[in-house]
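# Whatever this is, show me its structure:
(4 chains)
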Number of protein chains: 2
Amino acid sequence: MKTEKISELTTNRLSIYLRCLNELSAEGAKTISSGRLAKRFHLNSAQIRKDLACFGEFGVRGVGYYIADLKEQITKILGLDHKHRVAIIGAGRLGMALTDYYGFTQTNFEVAALFDADEEKIGSKVGKVKVFDLKNFERVIRKEDIDVAVIAVPAQFAQSVLETVAKSGIKAVMNFAPTPLRFADDIKVKTIDLTISLESLSYFLAKPQND
Amino acid sequence: MKTEKISELTTNRLSIYLRCLNELSAEGAKTISSGRLAKRFHLNSAQIRKDLACFGEFGVRGVGYYIADLKEQITKILGLDHKHRVAIIGAGRLGMALTDYYGFTQTNFEVAALFDADEEKIGSKVGKVKVFDLKNFERVIRKEDIDVAVIAVPAQFAQSVLETVAKSGIKAVMNFAPTPLRFADDIKVKTIDLTISLESLSYFLAKPQND
DNA sequence: CTAGACTGTTTCAAGTGTGAAACACGATGA
DNA sequence: TCATCGTGTTTCACACTTGAAACAGTCTAG
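Model prediction:
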């Protein structure tokens, strides 16, 4: 096991491996070698072994990996062995959509609260999730034991919302506002910029020769 | 102007520059140098000049860039000077949410049709957008002049949907299904995997020392 | 017991992106 | 006219990631 710092690309691949293992597991397979895993899912066997070896010796020489065991290990590494409670800030279209989104519930993420600054929205409900006043953010997230925040507000408010979030002690943030954010390095912010992605597609369509 | 192949990272930055220019433009500024642009928006001036020089000589030595002109140039490069018409496949929660979201916030992208395979959904409407039978995909996208597709179906159907999309002649696809897809290299598929992003946050919270 | 399979680990080459530096050239202003 | 500013362009070093190769150690099958 190497104790060097682990690249985010590595952990992203762990997510993918976990999916593959779930698929194999559903098929009733018990063990899998890195070679067969790579062939089946179009991955690279050397990379699989390297990635896994970062976290321990999970494989058995001459055999491969025990699927059930490896699933459990990766689940634990990724912190998916316990529920996360999520706050979504911004009860606009995107925020409400994400509240309903299955992807959260699927993987042990539960939306516990919505926040907005708009008086008209505060107090209403989206499904079973109540909309709170953003002013009470810190109090509510403590009471609800929330550890992940999602920023779904217009770009011009995102930085100030992030500061509120950071001050409350939350360390993991997903940002959908199309703007770069500045933050201390003890918290993690993942920005998903749909605008850039769309414009990238647009460029592909527009560029002279589609090679 | 270099005519080498242009990295996607470059075009992503163009999107960002365009936003910055819009902001400056709104403030009434007429010209901007790469140096001041970099300082203002925490970018790198050398990179800005390199990126822009990929597409032509937009700047004026001794002066900088004329904001209005550069905005227009980048808009044209990114193909944002005309509307794109979007089809969203999968009228589930995510698909419906995106329909609302794009419809109102993305001025250059207009959602023209929803598709689903579920009889109960076909024929209904989400806002002003009608839900069509996925079987009629090719006919509808021709009639509606659609050039971008968004895949918002469960992972196990994504590959087959992509093949339907590819066969119809659409060249730009945004995929929200958490699965890797295979496709010919004359079409562009951008996968946005919210699951991986969430799990990456989870890992950050779970890892031994939050450095 | 022996042969083969497969992991864990190291090493290396290749590709890519980044950031700094240097410099010619053109534009502006005094 | 001359100094200054800023672009366009090249060059370089550095970092990171990937993929391949090699090899020792360990497990299973026969």
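# For the spatially most central residue of chain A, give me phi and psi.
A centroid search over chain A (CA atoms, centre = their mean) returns residue A:174, at 7.5 Å, as the residue closest to the centre. Dihedral pair for residue A:174: phi -110, psi 130, per degrees, to the nearest 10.
# same check, this time on the one 4 residues further on
Listed backbone geometry of residue A:178 is phi -80, psi 70, with angles given as degrees, to the nearest 10.
# now residue A:86
phi -110, psi 140.
# circling back: what sits against the residue nearest to the centre of chain A?
Under the criterion of CB atoms under 8 Å, 6 or more residues apart in numbering or on different chains, the contact list for residue A:174 reads A:148-151, A:189-192, B:197-198, B:201. Every residue, glycine included, has its C-beta placed from N, CA and C.
# switch to 7 Å and redo it
Applying CB atoms under 7 Å, 6 or more residues apart in numbering or on different chains, one finds that residue A:174 lies in contact with A:150, A:190, A:192, B:197, B:201.
# Mind checking which of those are in helices?
B:197, B:201 (DSSP state H).
# Would you mind giving the contacts of residue A:174 as a markdown table with neighbour count and pLDDT added?
Below are the contacts of residue A:174 laid out as a markdown table (neighbours: other CB atoms under 10 Å in any protein chain shown; pLDDT from 0 to 100):
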| residue | neighbour count | pLDDT |
| --- | --- | --- |
| A:150 | 29 | 97 |
| A:190 | 18 | 96 |
| A:192 | 16 | 94 |
| B:197 | 18 | 94 |
| B:201 | 26 | 95 |
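# farthest pair in the contacts of residue A:174?
The span of those, defined through CB to CB, is set by A:192 and B:201 at 11.3 Å.
# Once you drop chain neighbours, what's closest to residue A:195?
In space, and not counting its chain neighbours, residue A:195 is closest to residue A:178: 4.3 Å by CB to CB, 6 or more residues apart in numbering or on different chains.
# ranges for the strands of chain A?
In chain A, strands defined by DSSP state E lie at A:31-32, A:65-66, A:84-89, A:109-116, A:125-126, A:129-133, A:148-151, A:172-175, A:188-191, listed in chain order.
# Out of the ones you listed, which is closest to DNA strand D?
Judged by CB to the nearest atom of the strand, the one of the strands of chain A that comes nearest to DNA strand D is strand A:31-32, at 9.3 Å.
# next one: that closest one to chain centre, how far?
The chain centroid and the centroid of strand A:31-32 are separated by 27 Å, computed with CA atoms, centre = their mean, to the nearest Å.
# does DNA strand D sit close to stretch A:57-77?
Yes - remark: stretch A:57-77 sits within contact range of DNA strand D at A:60-63, by CB under 7 Å from any atom of the strand.
# How many residues are close by the closest residue to residue A:154 other than its chain neighbours?
Counting by CB to CB, 6+ apart, residue A:154 lies nearest to residue A:177, which is 6.8 Å off, once chain neighbours are set aside. Summarising burial for residue A:177: neighbours were counted as other CB atoms under 10 Å in any protein chain shown, giving 24.
# where's residue A:177 relative to chain B, distance?
The gap separating residue A:177 from chain B is 11 Å, by CB to the nearest CB, to the nearest Å.
# cool, residue A:106 as well?
Between residue A:106 and chain B the distance, using CB to the nearest CB, works out to 7 Å.
# What about the closest residue to that residue other than its chain neighbours, how many residues nearby?
Counting by CB to CB, 6+ apart, the nearest residue to residue A:106 once its immediate chain neighbours are dropped is residue B:195, at 7.4 Å. When neighbours are defined as other CB under 10 Å, residue B:195 has 21 of them.
# Residue B:195 contacts residue A:107, correct?
Yes - applying CB atoms under 7 Å as the test, residue B:195 and residue A:107 come out as touching, 6.0 Å apart.
# quick check, distance from the longest helix along chain A to the centre of its chain.
Residue-count comparison of every helix in chain A, with assignments taken from DSSP H, identifies helix A:8-26 as the longest. Helix A:8-26 sits 13 Å away from the centroid of its parent chain (CA atoms, centre = their mean).
# Which parts of chain A belong to which domain?
Residue ranges of the domains in chain A are recorded as A:8-77, A:84-198, according to automatic domain parsing.
# so can I have TSV of those domains showing distance to residue B:51?
Formatted as TSV, those follow (distance: least, CB to CB, whole Å):
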stretch	distance to residue B:51
domain A:8-77	24
domain A:84-198	14
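# between these, which gets nearest to DNA strand C?
Across the domains of chain A, DNA strand C has its closest neighbour in domain A:8-77 (2.7 Å, CB to the nearest atom of the strand).
# and the residue lying closest to residue A:156 once chain neighbours are set aside, backbone torsions?
Closest residue to residue A:156 apart from its sequence neighbours, by CB to CB, 6+ apart: residue A:179 at 7.9 Å. Reported as degrees, to the nearest 10, the phi and psi values for residue A:179 are phi -160, psi 140.
# Next, count neighbours for residue A:179.
Counted with other CB under 10 Å, the burial measure for residue A:179 works out to 20 neighbours.
# Can you list the low-confidence ranges for chain A?
A:1-4, A:102-105, A:209-211 (pLDDT under 70).
# again, only this time at 90
Residues of chain A meeting the criterion pLDDT under 90: A:1-6, A:59, A:61-62, A:92-94, A:96-108, A:127, A:180, A:185, A:207-211.
# Kindly report the residues of it close to DNA strand C.
With CB under 7 Å from any atom of the strand as the criterion, chain A comes near DNA strand C at residues A:1-2, A:33-36, A:45-46, A:49-50, A:52-53, A:57-65.
# ok, back up a step: correct me, but the residue nearest to residue A:156 touches residue A:161?
No - under the criterion of CB under 7 Å, residue A:179 lies out of contact with residue A:161, with a separation of 11.0 Å.
# distance of the residue in chain A positioned nearest to DNA strand D from residue A:129?
Among the residues of chain A, residue A:62 lies nearest to DNA strand D; the distance is 2.3 Å by CB to the nearest atom of the strand. Distance, residue A:62 to residue A:129, using CB to CB, to the nearest Å: 51 Å.
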